[in-house]
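Engineer: how does the following fold in three dimensions:
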Amino acid sequence: MINRGTISGDIISYTSLTVNDKRKLEEAIQGLLSELSHQLGKDNFLGRLVQGDHIECAFMEPRQVLRTVLLLKTYIKSLGIPEGSTKDKRLHLFKEHGARLAAAVAPLEAFDPQAGIIDGEAIQLSGRTIQSQDTSGKQNIIIKKTLFFRASEPETEEQFQPVFALLDTLLSKCTAKQCQVVYLKLMGYDEGAIAEKLNKYRSTINEHSTAAGWLAIKTAVDHFENRIQ
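Structural biologist: Model (predicted):
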């Protein structure tokens, strides 16, 4: 069977957000998923938010999963939610990590974006990976990893798991402003356009890009997209 791509994810410390912050976050993620559907094509991509904090995506082209994982990760971190709306100690985990995301490259027995159908090995792999990381109900939460990669071929999984782990470490150290710049670069904007869009000096955009490790991120995405079939 032909490989497809999937992403399963959840929002870290979602239950600690206020109702208003949850609404803002959900609307923002829905907007991004709609934009991706427009860019990738409604027959090639399905992205949805389930029960407020669970993300599911599926792709006809599996090479698109890493870029989309990073778009989701950097976009959520760039939102600046919450703004001191609660005193829950777990909120620093949301600000640091934003979301936990697992990508998979494997066959899908059924994939019909228009009908909202995703079923098969790929979504099972990504979904189970996220379920295994569930921290709901736990008092003391320690998060060591938030980006995961699974594949039906062991060689592919072994090749790209370290890439996801390194990107995870890199992005966990990024500020909201740095994530915003990385997000826009992943969307195809150059630094001049980003500076104009954000009303910042181009030198400031370059500083954020360099501090975030953009060259390493771009190299990883290009490598993934050139190797994954």
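Engineer: following the biggest helix by length in the chain, which helix or strand comes up?
Structural biologist: The helix that spans the most residues within the chain, counting by DSSP state H, is helix 19-40. Reading on from helix 19-40 to the C-terminus, the next helix or strand found by DSSP states H and E is strand 45-50.
Engineer: pairing partners for that following strand, with directions?
Structural biologist: strand 54-59 (antiparallel) (DSSP bridges).
Engineer: show the backbone phi and psi for residue 111.
Structural biologist: Residue 111 adopts backbone torsions of phi -150, psi 110, taken as degrees, to the nearest 10.
Engineer: for the protein, which helix or strand comes out least confident on mean pLDDT?
Structural biologist: helix 91-97 (a mean of 85; mean pLDDT, DSSP states H and E).
Engineer: what sits up against that helix?
Structural biologist: Residues outside helix 91-97 that contact it (C-beta atoms under 8 Å, 6 or more residues apart in numbering): 11-14, 16-17, 77, 81-82, 141, 143, 146, 172, 176. For every residue, glycine as well, the C-beta is placed using N, CA and C.
Engineer: ok but residue 106 is inside a strand, no?
Structural biologist: Yes: the assignment for residue 106 (DSSP: H, G, I helix; E, B strand; the rest coil) places it in a strand.
Engineer: from residue 127, how far off is it?
Structural biologist: 12 Å (C-beta to C-beta, to the nearest Å).
Engineer: what ranges in this structure fall below the confidence cut-off?
Structural biologist: Counting by pLDDT under 70, the chain shows low-confidence ranges at 83-89, 135-142.
Engineer: in it, which spans are helices?
Structural biologist: 19-40, 65-78, 91-97, 121-131, 154-172, 176-186, 191-198, 202-212, 214-227.
Engineer: JSON lines for those, including distance to residue 47 and mean neighbour count?
Structural biologist: Below are these laid out as JSON lines (distance: least, C-beta to C-beta, whole Å; neighbours: other C-beta atoms under 10 Å):
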{"stretch": "helix 19-40", "distance to residue 47": "4", "mean neighbour count": "15"}
{"stretch": "helix 65-78", "distance to residue 47": "8", "mean neighbour count": "24"}
{"stretch": "helix 91-97", "distance to residue 47": "20", "mean neighbour count": "18"}
{"stretch": "helix 121-131", "distance to residue 47": "13", "mean neighbour count": "21"}
{"stretch": "helix 154-172", "distance to residue 47": "19", "mean neighbour count": "16"}
{"stretch": "helix 176-186", "distance to residue 47": "15", "mean neighbour count": "22"}
{"stretch": "helix 191-198", "distance to residue 47": "23", "mean neighbour count": "16"}
{"stretch": "helix 202-212", "distance to residue 47": "24", "mean neighbour count": "17"}
{"stretch": "helix 214-227", "distance to residue 47": "18", "mean neighbour count": "15"}
